[in-house]
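**Student:** how does the following fold in three dimensions:
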Amino acid sequence: MTDDKKYDLTGYHFPEDLKTMDDKQLTLLSYAIRDFLVEKVSATGGHLASNLGIVEIAIGLHKVFDSPRDRIIWDVGHQSYVHKILTGRAGGFDHLRQFHGMSGFPKACESPHDAYDTGHSSTSLSAALGMATARDLKGEDHEVIAVIGDGSLTGGMAYEALNNIGTSGRKIIMILNDNGMSISKNIGGMSEHLSNLRTSSKYLEAKRSIKNGLNRIPRLGPSISDGLSGAKGKLKYALMGGGVVFEEIGITYLGPVDGHNISEVINVLEHSRNVDGPVLIHMITKKGKGYLNAERNPDRFHGIGPFDIDTGEPLKKGGTSWSKVMGRTVTEIARDRKDIVAISAAMESATGLGAFDEAFPERFFDVGIAEAHAVTFAAGLAKGGMHPICAIYSSFLQRAYDQILEDVCLQNLPCVLAVDRAGIVGADGETHHGLFDISYLSSMPNMRVLAPSGGDELAAMLRYAFTLDGPCAIRYPRGDCRCQEGHKALFDGSSRRLEEAGEVDVFAVGNMLETGRKVTNLLKEKGITCGLVDVRTVKPLDLSVLEPTCHTIVTLEDGVLCGGFGSALGAAVPEGIRVLSFGWPDRFIEHGSVGELFAQYGLDSVSITERICEEIEGKA
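**Tutor:** Coordinates of the predicted model:
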């Protein structure tokens with residue numbers, strides 16, 4: 001499409017204008033939306049490939065249904081950009097995922113069209129059943145539609161919901177967006193099952209042919225067609241094998257449908273409205289559709305920073321990431337340790353475990369989007385004599401809380417948790433910030449919690465963790481880390497004092513060490529003597545670094561204050577020592593750059609220094 005023919009997506013009154021568009025106009029609109037997405041996301045960064053793949057489905061949903069009266073729930077929610085365009089928010093894309101700008105996920109506070117706030121996978125079906133049940137109990141008349149990807153069906157919660165939906169008999173329309181991808185390639189039996197369904201067009205053609213032929217027989221034809229429903233069911237079993245798994249639990253299955261054919265999408269959505277009870281529509285799509293770079297590398301364009309449209313290359317070249325250091329180090333250790341195995345929850349490359357998989361494919365396990373299963377699987381491996389490491393994002397590890405507590409800690413098993421993306425992550429916002437791991441992991445008996453301040457320390461902590469006979473969690477942030485080439489740091493399980501205490505003693509946890517250095521320097525410039533401790537061991541507390549002559553301790557942590565390191569240290573220090581803690585408040589933190597959020601909440605070095613001075617002057 002040439003520039004002069006591009007749609008001005010901000011000039012429409014969506015979704016109302018969709019109702020009068022024909023298939024040709026909608027197809028042209030799909031081209032315009034893809035051009036728009038590539039242009040905007042290349043400037044701001046965001047989730048591109050998944051949104052390019054769902055354009056026609058989103059258009060069809062807003063063409064056929066009446067949002068916000070009809071409720072559309074987007075599983076995970078990172079693929080809701082097209083939905084946002086089609087609900088009048090195209091003008092917000094210049095500030096997508098930026099501080100005070102439009103969120104990259106559905107937010108009810110942002111628009112009434114966002115029926116449910118999402119951010120983690122496999123939740124949409126449960127939410128849809130709840131909303132449909134509330135609708136029926138209140139005697140209301142509207143549709144509830146859940147859009148879920150095949151990757152999300154690897155999560156156990158989705159199966160629980162499907163079972164409940166089938167037995168409930170309630171009218172729910174489920175759109176299965178089947179692109180064969182989550183973030184890494186989909187894993188598991190359901191993924192394989194759906195792959196088989198993609199080839200079931202023979203069944204659909206046969207069914208259509210039989211019905212059309214019988215209906216042409218005068219008088220008897222329609223009744224014979226109706227009477228052959230049992231035979232059709234047997235035909236479905238014969239041609240689709242396990243393809244009736246949904247219908248076996250009481251859910252009408254429609255598809256597979258070409259999710260990029262706008263007329264087919266609209267047709268099946270319109271038919272779904274006439275189905276009594278729950279219905280699942282299986283739509284086949286291509287992740288990254290319409291942008292060749294994303295089609296070739298859908299995992300790299302799942303979530304990406306600003307990039308060059310022509311080449312697809314990022315505008316900012318990254319350094320050595322924490323994830324890469326973790327993956328590289330574990331791979332090195334595993335060369336000499338045959339008992340080490342690695343586990344990912346559909347995030348092999350994102351967590352840095354690609355190198356391990358390449359070196360030891362028989363010892364690498366991707367369990368799909370199933371964090372709870374990943375942890376208990378690790379516990380079973382540990383019981384069997386292996387020493388597993390689970391690499392999972394902090395915010396996603398929350399989904400395995402009970403398994404960490406009951407299966408790993410209760411049995412005191414040697415499992416290593418690589419807690420990636422700990423702390424503030426930036427543009428993805430509330431659902432992805434890793435602010436709670438210190439609080440919930442530190443409360444668990446037998447758990448050891450470590451926090452490196454640099455890549456060398458992370459490597460040393462991993463080597464240390466694999467010598468332990470019990471569980472150990474190592475938390476580290478998103479992004480690049482400091483590494484000294486050729487330097488091999490040592491770690492013995494303790495924190496370390498970097499500067500002797502004075503009037504004030506700063507205890508900086510993990511990635512807050514650099515902020516701690518700046519604070520100590522600023523305090524010294526103001527004539528306040530100050531010490532500095534690198535808190536490498538969050539739990540158990542290392543009280544050996546305390547200086548009894550210092551009466552004011554300042555703690556810095558990239559986590560919530562409630563139940564965090566500061567509160568634990570404050571409860572443990574001798575009477576007479578005041579602990580002033582800096583961390584995130586008891587609220588959900590919005591999206592924005594890391595620097596903007598630290599400044600907004602007074603966690604930058606200048607704001608912290610000013611608070612300390614105020615406290616000291618106030619005490620005086």
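**Student:** quick check: longest strand of the chain.
**Tutor:** strand 552-560 (DSSP state E).
**Student:** and it, which strands flank it?
**Tutor:** Looking at strand 552-560 with DSSP bridges, its partner strands are strand 504-509 (parallel), strand 578-584 (parallel).
**Student:** please enumerate the helices of the stretch 401-550 of the chain.
**Tutor:** Along the stretch 401-550 of the chain, counting by DSSP state H, counting those that start in this stretch, helices occupy 401-403, 437-442, 455-465, 513-525.
**Student:** of all those helices, which lies closest to residue 266?
**Tutor:** helix 401-403 (42.3 Å; CB to CB). (Glycine included, C-beta is placed from N, CA and C.)
**Student:** what's in contact with that closest one?
**Tutor:** With contact meaning CB atoms under 8 Å, 6 or more residues apart in numbering, helix 401-403 is reached by 372, 373, 375, 376, 379, 440.
**Student:** 7 Å instead, please
**Tutor:** 372, 375, 376, 440 (CB atoms under 7 Å, 6 or more residues apart in numbering).
**Student:** and stretch 531-538, by the same measure?
**Tutor:** Outside stretch 531-538, the residues that reach it (CB under 7 Å, 6+ apart) are 438, 442, 449-453, 457, 491, 493-502, 505-509, 513, 516-517, 520, 545, 547, 550, 565.
**Student:** give me the distance between the residue nearest to residue 480 when sequence neighbours are not counted and residue 483.
**Tutor:** Leaving aside its sequence neighbours, residue 480 sits nearest to residue 319 (CB to CB, 6 or more residues apart in numbering; 4.0 Å). Residue 319 sits 8 Å away from residue 483, taking CB to CB, to the nearest Å as the criterion.
**Student:** more neighbours: which of these two?
**Tutor:** Comparing residue 319 with residue 483 by other CB atoms under 10 Å, the one with more neighbours is residue 483, at 19 against 11.
**Student:** the more buried one is in contact with residue 455, isn't it?
**Tutor:** Yes: the pair residue 483 / residue 455 is scored as a contact, 3.7 Å apart, by CB atoms under 7 Å.
**Student:** who touches both of these two?
**Tutor:** 320, 325.
**Student:** show me what counts as buried in stretch 65-79.
**Tutor:** Neighbour-count burial for stretch 65-79, counted by 16 or more other CB atoms under 10 Å, picks out 65, 67-68, 70-79.
**Student:** which of the contacts of helix 401-403 tops the neighbour count?
**Tutor:** Neighbour max across the contacts of helix 401-403 (other CB under 10 Å) = residue 375, 29 neighbours.
**Student:** let me see the contact set for it.
**Tutor:** 390, 400, 403, 404, 407, 408.
**Student:** hmm, back to that, which of the buried residues of stretch 65-79 lies closest to residue 104?
**Tutor:** residue 78 (6.4 Å).
**Student:** what's the spacing between that closest one and residue 152?
**Tutor:** 11 Å.
**Student:** before we move on, what about residue 120?
**Tutor:** Distance from residue 120 to residue 152, by CB to CB: 9 Å.
**Student:** identify the contacts common to the two.
**Tutor:** Shared contacts of residue 120 and residue 152 (CB under 7 Å, 6+ apart): residue 76.
**Student:** the two - which one has more neighbours?
**Tutor:** residue 152 (26 against 21).
**Student:** leaving out chain neighbours, which residue sits closest to residue 581?
**Tutor:** residue 566 (2.8 Å).
**Student:** my guess is that neighbour contacts residue 584, does it?
**Tutor:** No: using CB under 7 Å, residue 566 is not in contact with residue 584; the gap is 11.0 Å.
**Student:** so the closest residue to residue 175 other than its chain neighbours, which state does it fall into?
**Tutor:** With CB to CB, 6+ apart as the criterion, residue 175 has its nearest non-adjacent residue at 4.5 Å, and that residue is residue 147. State at residue 147, reduced to three classes by DSSP: H, G, I helix; E, B strand; the rest coil: strand.
**Student:** in contact with residue 147, which residues?
**Tutor:** Residues counted as contacts of residue 147 (CB under 7 Å, 6+ apart) are 57, 72, 73, 74, 75, 124, 175, 177.
**Student:** if you set the cut-off to 10 Å instead, what comes out?
**Tutor:** 54, 57-58, 61, 72-77, 79-80, 83, 124, 128, 173-177, 281, 283 (CB atoms under 10 Å, 6 or more residues apart in numbering).
**Student:** before we move on, what about residue 492?
**Tutor:** With contact set as CB under 10 Å, 6+ apart, residue 492 has these partners: 460, 464, 536, 537.
**Student:** pLDDT at it, what is it?
**Tutor:** We have a pLDDT of 94 for residue 492.
**Student:** follow-up on the earlier one: to residue 31, which of the strands paired with strand 552-560 lies closest?
**Tutor:** strand 578-584 (42.9 Å).
**Student:** after that closest one, next one along is what?
**Tutor:** helix 594-600 (DSSP states H and E).
**Student:** contact partners of that next one?
**Tutor:** Against helix 594-600 from outside (CB under 10 Å, 6+ apart): 98-100, 423-427, 429, 433, 477-479, 512, 515, 558, 584, 589-593, 603-608.
**Student:** quick one, which of these are buried?
**Tutor:** By 16+ other CB under 10 Å, those give 98-99, 423-427, 429, 433, 477-479, 512, 515, 558, 584, 589-592, 603-605, 607-608 as buried.
**Student:** helix, strand, or coil at the most centrally placed residue in the chain?
**Tutor:** Nearest to the geometric centre of the chain sits residue 120, at 5.1 Å (CA atoms, centre = their mean). Three-state call for residue 120 (three-state DSSP): coil.
**Student:** now do the one 5 residues further on
**Tutor:** Going by three-state DSSP, the secondary structure assigned to residue 125 is helix.
**Student:** which strands and helices sit next to whatever helix or strand residue 390 lives in?
**Tutor:** Assigned by DSSP H and E, residue 390 belongs to strand 387-393. The contact analysis (3 or more CB pairs under 10 Å, 6 or more residues apart in numbering; DSSP states H and E) places strand 387-393 against helix 322-334, strand 340-344, helix 371-383, strand 416-420, helix 455-465, strand 472-475.
**Student:** ok, now with 6 Å
**Tutor:** For strand 387-393, the packing partners by 3 or more CB pairs under 6 Å, 6 or more residues apart in numbering; DSSP states H and E come out as strand 340-344, helix 371-383, strand 416-420.
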